[in-house]
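Asks: coordinates only, sequence not included:
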């Protein structure tokens, strides 16, 4: 009898789950629920603010989405990204390869540290936007100048983080590798780089984010091309929905790139992080 | 009957196992860190198949001495001779067990245990076979595919010990291996270590700051005194290991040795 009553008690909530409980269960199972909810709140607020309107130059969310699809439809958005992605991808790839390389070298060798660390510390502290006109003066207004602007912003962050990552490798693991007669090469590739990879990747994410800043600076300060051109043009003709669509799209691309990097790190490089 | 008696006699005759069979010789080792003198004139011999403990208060340089024997730290003067060969760096005849385990967090238990073999270029199938054998020896079967953060402190150190065994070194160097393990697991661990000493017939050099631990597991205890680290005394507890662990811990001889060591060390305590 006692058993039966217990069973019915257990069975009750399962038979009649309230809507609220269903949502709670769903949210527990899928983490992305909160991301979607947070974005939904933001977009609703945007829509309301646009409808009041808080400013003549502030379009509603729905107008912005419509403008986005219009620009995708007529091909302007795709052409713009084709232009913007060239210096961005080129600059980020160069910065990532050179930055991680230089950073690891500085972490491993005192001489390299002595030679290069001050340069990158100054570069990181310098307000790079102020140097962009200088780049234009030397390299003109083409792809080189824009790629250079991306590198100038992304490289110091990646170098300094990679350097720190290597310097903070667990010394006990290095001793362990030595005690089993690991060669210097094995020490670097089997211990130092894997152990440094979380900080290395954090630096890479910051570097990529800085690269996005670099490309926008270049496109707004040097000559308007790509997304920078879309923003400048639609602002000048007061097409605010289109301007916001361009701005929001570059933010979305940046966010997705960083999320992709994070996914790559946890799933490919550090499999133990998936298990909590 | 006579055969039995003679084997028994051989077992208890110290001469039969101590006939200049030293694996590790420490000859006049000194170590300075700038103006600080860490070790002064250490001369020691470690016999094959024996477990020797380096015991002393903090600052006596016991871990430094162990790391010099391991070849991880260079000595300022003096030399380390292993199997009649002077060594200057780490070598295949020694394996180290770290106080903080030194496990690779990104690798499974299986890969961690086989890592010493991996560095030596042993093929994957072969090293996994050896690793599985030692994982079983230390009682971790079923945990091969777990990552270190999924294990308790005691289990992590079992991985560290299995890794040291897997490379089949003559000498095992253990740097306070149980200090990060809780008390209950520590006792179990000490018992398991004694069983492994019995099975593996290797030379163990063990660093600890626990007097009880030293007396419980050691054939010989080397007492070091601090600032600078020097040899103070060498004690051979001669405890009958055939008794059960609980009996040993209540044995009068065991308690006497513990007390004796405490008397030698008490004036170093602050």
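Replies: Received the coordinates, thanks. Quantities reported herein were computed from a predicted structural model and do not represent experimental measurements.

Asks: elements contacting whichever helix in chain B runs longest?
Replies: Longest helix of chain B, by residue count under DSSP state H: helix B:183-200. With contacts defined as 3 or more Cβ pairs under 8 Å, 6 or more residues apart in numbering or on different chains; DSSP states H and E, helix B:183-200 has these neighbours: helix B:153-166, helix B:211-217, helix B:245-250. The way it works is simple: take the backbone N, C-alpha and C, and place the C-beta from them, glycine included.

Asks: worst average pLDDT in those helices?
Replies: Mean pLDDT is lowest for helix B:245-250 out of the helices and strands packed on helix B:183-200, coming in at a mean of 79.

Asks: after that helix, which helix or strand is next?
Replies: Next helix or strand after helix B:245-250 toward the C-terminus (DSSP states H and E): helix B:252-265.

Asks: returning to that earlier point: so what strands line up beside the next helix or strand after the longest helix of chain B?
Replies: Beyond helix B:183-200 on the C-terminal side, the first helix or strand identified by DSSP H and E is strand B:203-208. Here strand B:203-208 is paired, per DSSP bridges, with strand B:51-55 (parallel), strand B:171-175 (parallel).

Asks: quick one: mean pLDDT for the helix or strand just after the first one?
Replies: Read in the C-terminal direction, the helix or strand following strand B:51-55 is helix B:62-70, with elements assigned using DSSP H and E. pLDDT averaged over helix B:62-70 equals 90, rounded to a whole number.

Asks: next, count neighbours for residue A:28.
Replies: Residue A:28 has 9 neighbours, counted by other Cβ atoms under 10 Å in any protein chain shown.

Asks: against which helices or strands is the strand or helix carrying it packed?
Replies: Assigned by DSSP H and E, residue A:28 belongs to helix A:19-29. Using 3+ Cβ pairs under 8 Å, 6+ apart, the elements in contact with helix A:19-29 are helix A:32-51.

Asks: and the contacts of the helix it packs on?
Replies: Helix A:32-51 is contacted by residues A:26-27, A:58-64 when judged by Cβ atoms under 8 Å, 6 or more residues apart in numbering or on different chains.

Asks: which of those are buried?
Replies: Buried members of those, scored by 16 or more other Cβ atoms under 10 Å in any protein chain shown, are A:58-61, A:63-64.

Asks: so chain A: which segments form each domain?
Replies: Annotated domains of chain A cover A:19-57, A:61-274 [automatic domain parsing].

Asks: contacts only, for the residue of the stretch 1-150 of chain A found nearest chain B.
Replies: Closest to chain B within the stretch 1-150 of chain A is residue A:104: 17.2 Å, counting by Cβ to the nearest Cβ. Going by Cβ under 8 Å, 6+ apart, residue A:104 touches A:162-163, A:166, A:188, A:192-193, A:196.

Asks: redo that, cut-off 10 Å
Replies: Residues near residue A:104 by Cβ atoms under 10 Å, 6 or more residues apart in numbering or on different chains: A:112, A:159, A:162-163, A:165-166, A:188, A:192-193, A:196, A:200.

Asks: re earlier: and the domains of chain A as TSV, adding distance to residue B:21?
Replies: Output for these, formatted as TSV (distance: least, Cβ to Cβ, whole Å):
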stretch	distance to residue B:21
domain A:19-57	62
domain A:61-274	24
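
Asks: spell out which parts of the stretch 101-250 of chain A neighbour chain B.
Replies: Residues of the stretch 101-250 of chain A lying near chain B by Cβ under 10 Å from any Cβ of the partner chain: A:170-183, A:186-187, A:190-191, A:194-195, A:197-198.

Asks: all helices in chain A, in order from the N-terminus.
Replies: Taking DSSP H to define them, one finds helices in chain A at A:2-15, A:19-29, A:32-51, A:61-73, A:76-108, A:110-125, A:132-139, A:143-167, A:171-179, A:184-186, A:193-221, A:226-236, A:240-264.

Asks: deepest-packed of these, please.
Replies: For those, the largest average neighbour count (mean count of other Cβ atoms under 10 Å in any protein chain shown) is found in helix A:143-167, namely a mean of 24.

Asks: next, the angle from that helix to helix A:226-236.
Replies: With axes from the mean of the first three to the mean of the last three Cα atoms, to 10 degrees defining the directions, helix A:143-167 sits at 120 degrees from helix A:226-236.

Asks: now the angle from helix A:143-167 to helix A:193-221?
Replies: With the same axes, to 10 degrees as the basis, helix A:143-167 and helix A:193-221 are set at 150 degrees to each other.

Asks: and helix A:143-167, how far from the chain's centre?
Replies: Using Cα atoms, centre = their mean, to the nearest Å, the distance from the centre of helix A:143-167 to the centre of the chain it belongs to is 14 Å.

Asks: equivalent analysis for stretch A:33-46, please.
Replies: 20 Å.

Asks: ok, now stretch A:107-116?
Replies: Relative to the mean C-alpha coordinate of its chain, stretch A:107-116 is positioned 28 Å out (Cα atoms, centre = their mean).

Asks: now what about that stretch, what contacts it?
Replies: Residues outside stretch A:107-116 that contact it (Cβ under 10 Å, 6+ apart) are A:102-106, A:159, A:162-169, A:184, A:187-188, A:192, A:196, A:200.

Asks: average pLDDT for that stretch?
Replies: Mean pLDDT, computed over stretch A:107-116, is 92.

Asks: just stretch B:195-208 next, same as before
Replies: Across stretch B:195-208, the average pLDDT comes to 85.

Asks: and that stretch, what's buried?
Replies: Residues of stretch B:195-208 classed as buried under the neighbour-count rule (16+ other Cβ under 10 Å) are B:196-197, B:202-208.

Asks: low-confidence stretches in the chain?
Replies: Using chain A here. Residues of chain A that meet the criterion pLDDT under 70 lie in A:1-17, A:269-276.

Asks: oops, chain B please
Replies: B:1-20, B:269-270.
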